[in-house]
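Participant: Pasting the sequence and the predicted model now:
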Amino acid sequence: MASRSALPSVTTRTVPQPAPNGMGNGLFATTDINPGEDVLHIKTPFVAVLDSPRLEDTCAGCFGKRQMETGNELKACTGCRVVKYCDRACQSKDWKFAHSLECPIFKKVKPMVLPNNARALLRIVLRTARNKYDSEESKVFDGLETHINEISEIQGQIDRINLTAKAVKNYSGTDVDEGTVASYAAKLDLNSFNLTTSMYDRIGLYMHPYAGLINHSCDYNSTVGFDGEELYVKAMRSIKKGEQIFISYVDTTTPYDIRRNELKERYFFDCQCTKCAIGAETLEDRFLSTPEDMTPLETAEREALELLQKATATSTEPAESIKKLEAAMHKLHETALWPLTRQPYASLRDKLIISLLTAGNFTRAFIHAAIRYLRIDPIVYDKAHPIRHIHAWSLVRLTVFISQEGFQPDPKDPVQINDFKLNFHYLIWYILAELTSTQAESCTVPSFKKLVGNQFVQVHHEFKANGLDPSKTKAVLSAEWNKLEHLVNKALEKE
Ligand SMILES: C[S@@+](CC[C@H](N)C(=O)[O-])C[C@H]1O[C@@H](n2cnc3c(N)ncnc32)[C@H](O)[C@@H]1O
């Protein structure tokens with residue numbers, strides 16, 4: 001059973017303790033925890049703010065959670081017109097939390113909109129001045145690591161922190177000295193999380209001092225997810241009482257050198273986890289075989305990364321992005337040694353799916369989502385990993401879309417989906433059945449589980465209404481699966 005901690009809104013099965021190997025403090029399990037179970041649940045953030053582009057389309061009260069349910073058009077705050085809300089309930093909750101304090105400041109600095117880290121820092125400073133934080137919560141915040149000595153050596157970062165601290169001190173009129181405000185900013189830099197939707201799309205930044213105590217391992221046992229403003233840390237593997245909780249601070253699907261450099265530069269430590277102990281021999285680094293001359297692989301990687309950079313530049317049109325991403329993937333494919341799972345190949349496909357969706361090419365997006373579902377995710381992610389479940393859901397959504405009556409695939413698609421005579425309804429049923437039956441052990445958050453569960457009930461009901469029960473037609477399902485495998489093989493041949 002999870003227990004309430006001394007901190008308000010924190011429910012956890014962990015306790016903070018000094019961690020070994022120079023990790024400072026960490027969180028340790030107080031009970032055995034099974035995959036999918038909550039390690040930590042925090043109802044209310046210490047601070048959470050939207051990224052500036054998301055201020056336009058995301059409710060600053062529920063961070064999109066109620067917005068998804070109500071479908072209401074957002075209304076701007078009549079005071080500052082910077083933040084928007086679903087309705088009075090979302091507005092009033094945020095007003096009480098901090099917006100009443102920041103609204104006049106947002107209004108004063110208009111037309112400038114403060115960047116997300118300045119808005120987060122401003123909230124911390126204003127709430128601290130009004131004693132709005134619980135004293136235990138503030139104590140944990142005060143004890144958080146800053147790495148201020150290391151940061152002071154990095155001119156760009158320390159200049160940015162000092163500048164933000166100066167501006168926030170100025171706007172807030174706080175009595176707290178500038179050095180302390182700068183130390184809050186350093187704590188934010190080191191301890192904040194990407195605030196995401198329940199589908200893992202980044203929308204802002206989030207910080208809570210208790211969650212800030214979790215250390216990193218590239219061989220992590222837990223994952224972080226958000227449901228509106230609520231944070232969930234869930235066990236991805238079985239965790240024994242007394243074991244340390246680890247999450248990943250960086251994308252651990254990247255090769256050894258890349259992820260270790262990122263950890264060193266952003267978090268100032270050399271990772272000594274079990275995966276790093278193996279070195280550059282793990283799946284993330286390996287090629288299908290290792291040639292004597294690595295030059296062709298290095299050249300392909302450099303060229304692919306250059307194309308990726310151009311494809312993701314904000315000024316690039318979706319059609320142009322698609323061309324560049326496909327060209328980059330082709331370069332890696334041409335080496336005949338680059339596994340689909342080795343980065344940047346997998347990330348290129350993720351970005352390509354998004355660009356294809358933006359451009360309205362749903363059949364090609366479907367094919368790449370199927371490749372990811374069948375050939376990449378089972379190798380790259382643990383069974384309970386939330387990203388694996390989110391990707392499966394995207395495949396369901398795409399399949400629903402292309403199975404609509406009257407939907408016509410693009411005749412220019414390199415692989416013609418109609419040639420494979422797929423029965424999309426069975427595929428949808430199968431993926432949803434799999435997602436639903438693994439819900440308890442999955443690390444996804446409650447609203448995602450609800451969405452999937454409801455969709456499965458609906459799809460199953462439709463089959464039943466037609467006198468069919470796919471769970472009793474194993475041969476039909478397996479035939480559909482073979483057709484999808486065949487389609488994926490054809491698409492990969494053309495890559
Ligand atoms: C978000 S804080 C985690 C809590 C921190 N240990 C503390 O005592 O406040 C991140 C910092 O913890 C330390 N850390 C996290 N994971 C580590 C690891 N695997 N090895 C060494 N240090 C680690 C690093 O100093 C890193 O900058």
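Facilitator: Arrived safely.
Participant: going forward, measure contacts between C-alpha atoms and count neighbours the same way
Facilitator: Fine.
Participant: my guess is Val224 is in a helix, correct?
Facilitator: No: the assignment for Val224 is strand, going by DSSP: H, G, I helix; E, B strand; the rest coil, so no helix is present there.
Participant: Distance of it relative to Asp159?
Facilitator: 30 Å (C-alpha to C-alpha, to the nearest Å).
Participant: can you check Val113 too?
Facilitator: From Val113 to Asp159 the distance is 20 Å (C-alpha to C-alpha).
Participant: check contacts around the closest residue to the ligand within the stretch 251-400 of the chain.
Facilitator: The ligand sits closest to Tyr267 of the stretch 251-400 of the chain, with a gap of 3.8 Å, by C-alpha to the nearest ligand atom. Contact analysis of Tyr267 by C-alpha atoms under 8 Å, 6 or more residues apart in numbering lists Leu190.
Participant: And the pLDDT for it?
Facilitator: Tyr267 carries a pLDDT score of 96 in this model.
Participant: Close to the ligand: what parts of the chain are there?
Facilitator: With C-alpha under 6 Å from any ligand atom as the criterion, the chain meets the ligand at residues 22-26, 144-145, 190-191, 212-217, 267-269, 271.
Participant: can we see that at 8 Å?
Facilitator: Counting by C-alpha under 8 Å from any ligand atom, the chain comes close to the ligand at 18-19, 21-26, 143-147, 190-192, 211-217, 246, 266-273.
Participant: Neighbour count says what about the residues you listed? Which are buried?
Facilitator: 25-26, 144-146, 190-192, 211-217, 246, 267, 271 (16 or more other C-alpha atoms under 10 Å).
Participant: what sits up against stretch 179-192?
Facilitator: Contact with stretch 179-192 is made by 117, 121, 125, 144-148, 161-162, 164-166, 168-169, 205-209, 212, 266-267, as judged by C-alpha under 8 Å, 6+ apart.
Participant: show me the contacts for the residue most central in space within the chain.
Facilitator: Nearest residue to the geometric centre of the chain (C-alpha atoms, centre = their mean): Tyr200, 3.6 Å. Counting by C-alpha under 8 Å, 6+ apart, Tyr200 touches 225-226, 387, 390.
Participant: who wins for neighbours among the residues you listed?
Facilitator: Using other C-alpha atoms under 10 Å as the neighbour test, the contacts of Tyr200 are led by Phe226, with 25 neighbours.
Participant: Disregarding residues adjacent in the polypeptide, which is nearest to that one?
Facilitator: Nearest residue to Phe226, sequence neighbours excluded (C-alpha to C-alpha, 6 or more residues apart in numbering): Ser198, at 5.6 Å.
Participant: Count the residues that sit near the one you found.
Facilitator: Residues within reach of Ser198, counting by other C-alpha under 10 Å, total 22.
Participant: which stretches of the stretch 201-350 of the chain aren't confidently modelled?
Facilitator: Counting by pLDDT under 70, the stretch 201-350 of the chain shows no low-confidence range.
Participant: element containing His41, please.
Facilitator: strand 38-42 (DSSP states H and E).
Participant: What sits closest to Phe106 if chain neighbours are left out?
Facilitator: Phe106's closest residue in space is Cys80 (C-alpha to C-alpha, 6+ apart), at 5.8 Å.
Participant: distance of that neighbour from Lys96?
Facilitator: Per C-alpha to C-alpha, Cys80 is found 16 Å from Lys96.
Participant: if you count what's nearby, which of the two comes out ahead?
Facilitator: Shown here are Cys80 and Lys96; by other C-alpha under 10 Å, Cys80 has more neighbours (18 against 10).
Participant: Tell me if that one really is in a strand.
Facilitator: No: using three-state DSSP, the assignment for Cys80 is coil, not a strand.
Participant: Next one: it, what pLDDT does it get?
Facilitator: Predicted confidence (pLDDT) for Cys80: 97.
Participant: you'd agree it is up against Glu102?
Facilitator: No: between Cys80 and Glu102 there is no contact under C-alpha atoms under 8 Å: 9.1 Å.
Participant: related to what we said a few turns ago, return the member of the contacts of Tyr200 nearest to Leu297.
Facilitator: Nearest to Leu297 among those, counting by C-alpha to C-alpha, is Ile387 at 28.2 Å.
Participant: which is the next helix or strand following the strand or helix carrying that closest one?
Facilitator: Following DSSP H and E, the helix or strand that holds Ile387 is helix 386-402. Proceeding N to C from helix 386-402, the next assigned helix or strand is helix 424-437, under DSSP H and E.
Participant: now for the following helix or strand past that following helix, which elements pack on it?
Facilitator: For helix 424-437, the following helix or strand on the C-terminal side (DSSP H and E) is helix 446-465. Judged by 3 or more C-alpha pairs under 8 Å, 6 or more residues apart in numbering; DSSP states H and E, the packing partners of helix 446-465 are helix 424-437.
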